[in-house]
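>>> What follows is a predicted protein model with its sequence.
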Amino acid sequence: MISDMLKKIFDLFFYNENYCFFCKEEKIYKNFLCKNCIDRLIKYDVEIYNDYDEKNLKKEIIYYYKSDIKNKIREFKFKDGIYLKKPFASLIYDFLDKKLLEKIDYIAYVPSSKKKLILRGYNHCKLLAIEISKYSNKPIFENLKKIKNTKSQHFLSLEERRINLKNAFEVDVDLTKKKILLIDDIHTSGSTVYECYKELKRKNCEFVWIVCLCGVM
Ligand SMILES: [Zn+2]
């Protein structure tokens, strides 16, 4: 009896990791989520793989940015929902082609500007990359940096997005013969990851594999 009460008090103050990280109602089925929440995720099925027609670039998007996952990504990014790195990273890791992952040298993430980092206190994509690095034993790549404070992309046209992000990223090491996995959360126009890719390639990176958790359309 006493132990039951203690457990209830404990659960009140500490997050109970046995329950779904999305709904907190059901027991975990896999990826830190219950079966209902897993079943509600919608696999992204729009053909995007070769939209830039580049041989040393592979891009994949896992789910549609809709319903539960949309709300949870917002919580993850804007409301200190750091605990959500666990289900998100686990979903991404399960999706990854393990044979291709073997060949990867580093795991990179879409960087935030210094201003945004101070404002939010963390880079959510970096949190994902760190978790995936733990699963895969591949080192994190810290040398992709955002050197320009860009405007929020939400209300910009495709062309404006491209101009906004021009020269926004910088890599300060040589990447000859290196293969990089680049993690992003939401894919909208693709301009952000493409600008990151261009900078990695400018530093002679041999292959860039972009994986985005969600795609807007
Ligand atoms: Zn659930």
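It's in.

>>> Tell me the span between the first and last residue of stretch 39-57.
Stretch 39-57 stretches 30 Å from its first residue to its last (CA to CA, to the nearest Å).

>>> gap between that stretch and the chain center?
Taking the mean C-alpha point of stretch 39-57 and that of its whole chain, the gap between them comes to 15 Å (CA atoms, centre = their mean, to the nearest Å).

>>> is the ion contacted by that stretch?
No: interface with the ion: stretch 39-57 contributes nothing (CB under 5 Å from the ion), its closest point being 8.3 Å away. For every residue, glycine as well, the C-beta is placed using N, CA and C.

>>> I'd like to know the average pLDDT value across that stretch.
Mean pLDDT, computed over stretch 39-57, is 81.

>>> May I see the buried residues of that stretch?
Of all the residues in stretch 39-57, those buried under the rule 16 or more other CB atoms under 10 Å are 40, 41, 44, 48, 57.

>>> tell me which residues form a beta bridge with residue 181?
Beta bridges link residue 181 to residue 107, residue 209, judged by DSSP bridges.

>>> Pull the number of nearby residues for it.
Using other CB atoms under 10 Å, residue 181 is surrounded by 27 other residues.

>>> Against residue 116, how distant is it?
23 Å (CB to CB, to the nearest Å).

>>> Check residue 31 too.
Noted for residue 31: a distance of 28 Å to residue 116, by CB to CB.

>>> Would you mind checking which of the buried residues of stretch 39-57 is nearest to residue 153?
Distance ranking of these against residue 153, using CB to CB, places residue 48 first at 17.6 Å.

>>> from the buried residues of stretch 39-57, which two are the most distant?
Applying CB to CB across those, the maximum distance is between 40 and 57, 30.8 Å.

>>> Please, where are all the strands along this structure?
57-64, 106-109, 144-146, 169-171, 179-187, 207-215 (DSSP state E).

>>> which other helices and strands contact the fourth one?
Spelled out, that is strand 169-171. The contact analysis (3 or more CB pairs under 8 Å, 6 or more residues apart in numbering; DSSP states H and E) places strand 169-171 against strand 144-146, helix 191-202.

>>> Sounds good, over and out.
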